[in-house]
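Undergrad: Got a sequence here, can you build the structure:
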Amino acid sequence: MIEKTLWHPVALSESVAQAPLAASLLEQELVLWRDDSGQVQAWDERCPHRGARLSLGRVHGNRLECVYHGWQFDAQAQCRLVPALPDFTPPAGHRATAFEARDAHGLVWVRLAKPEGEDTCIPSSEAGDLRHINCGPYDVATSAPRVVENFLDMAHFSFVHVGWLGSRAFTSVADYNVQETATGLLATGCKAWQPRSNLHSVAPAQVEYSYELTAPFAAVLAKVPEAGSTAVENWREAIGLFICPLTPERCRVWFRLAVADLETPDAQLRDFQHTIFTQDQAVLESQSPKRLPLNPRAELHTAADRLSAAYRRHLQRLGITYGVCP
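TA: Residues are numbered from 1 along each chain as shown. Okay, here's the model as predicted:
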């Protein structure tokens, strides 16, 4: 399954500290912990001895100790101590199942399998010298592809985000360009009239958008409102979307804000993003089927859906099967 060869976010980096932390990815239960060097570890949650949850254990002496019988595993996942047999040297086969894990963008990323061909990279979201803030997680009762498609969609602004990102008086979606890139898709020339496009808006504004799909379940949008419409001079921002597919019909969502604002408290910036996404969430969870249909005839399309249609074709080309349906 190609999805297992991709990097996915599973937790905030700061939440993986001294104690083991339970996580989940593609229906694989995980335990996350850090060794003495600070390197994050991601293992199968199940202890290989009697199947207890390793996240219930503790980190002790640069080892992860199982809560049930006290078996201790080093940072290479090798069992080094069986307390019931203190003189016993565990053989090489006495080990936990480990996966690749890395820190990036303030999140812990895990890959369940290595690709056979070209290597895969952690999706990027960094935006120059802007200030970066993580928002979430949000647990959403729909598939990861449904959330991505919503993120790439502008036609819903005037209905789901009335008074914020859209108005019923301005529903038209102007023509825009979509092209393929090395990582996915890029949409440019996107425009939207928005009553309150950001936290610092002081007047309705025409806002220019660009969207980049950076992985099957990750994307970044950049938006610049017209001059004079914000209290912060030369305001610009980018919003990264990172999704952890928990099951085919359930996912965990993070946003990474990049803003030209060094003064506003994190909580205020997060509150604005929270308002926008919770408006989306109710609609997302109402959609049926929860898995994104890839058959062009399964749902109706118009020219305003050009980017989402391109996204569906892109998933088909990649062979993505998780969270989609025919």
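
Undergrad: ranges for the helices of the stretch 151-300 of the chain?
TA: For the stretch 151-300 of the chain, the helices defined by DSSP state H, counting those that start in this stretch occupy 157-160, 266-284.

Undergrad: ok, the residue nearest to residue 14 when sequence neighbours are not counted to residue 135 distance?
TA: Nearest non-adjacent residue to residue 14, counting by CB to CB, 6 or more residues apart in numbering: residue 106, 7.3 Å away. Yep, even glycine has a C-beta here, placed from its N, CA and C like the rest. As judged by CB to CB, to the nearest Å, residue 106 and residue 135 stand 10 Å apart.

Undergrad: Then residue 7?
TA: From residue 7 to residue 135 the distance is 20 Å (CB to CB).

Undergrad: can you check residue 205 too?
TA: According to CB to CB, residue 205 stands 22 Å off from residue 135.

Undergrad: ok, and what's touching the strand or helix carrying residue 148?
TA: If you go by DSSP states H and E, residue 148 is part of helix 144-151. For helix 144-151, contacts defined as CB atoms under 8 Å, 6 or more residues apart in numbering pick out 140, 156, 211, 213, 216-219, 221, 241, 243-245, 251, 253, 280, 283-284, 287, 290-292, 308, 311-312, 315, 320, 322-324.

Undergrad: And stretch 23-31, end to end?
TA: Stretch 23-31 has an end-to-end distance of 6 Å (CA to CA, to the nearest Å).

Undergrad: pLDDT on it, on average?
TA: The pLDDT scores in stretch 23-31 average 98.

Undergrad: for that stretch, which positions count as buried?
TA: Applying a neighbour-count criterion of 16 or more other CB atoms under 10 Å, one finds 23, 24, 25, 26, 28, 30, 31 buried in stretch 23-31.

Undergrad: So what sits opposite the last one in the bridge?
TA: The partner list for residue 31 in beta bridges (DSSP bridges) reads residue 22, residue 43.

Undergrad: Look up how far residue 38 lies from it.
TA: Distance from residue 31 to residue 38, by CB to CB: 17 Å.

Undergrad: The fifth one too?
TA: For residue 28, the distance to residue 38 (CB to CB) stands at 24 Å.

Undergrad: Check the fourth one too.
TA: According to CB to CB, residue 26 and residue 38 sit 26 Å apart.

Undergrad: repeat for the third one
TA: Relative to residue 38, residue 25 is positioned 21 Å away (criterion: CB to CB).
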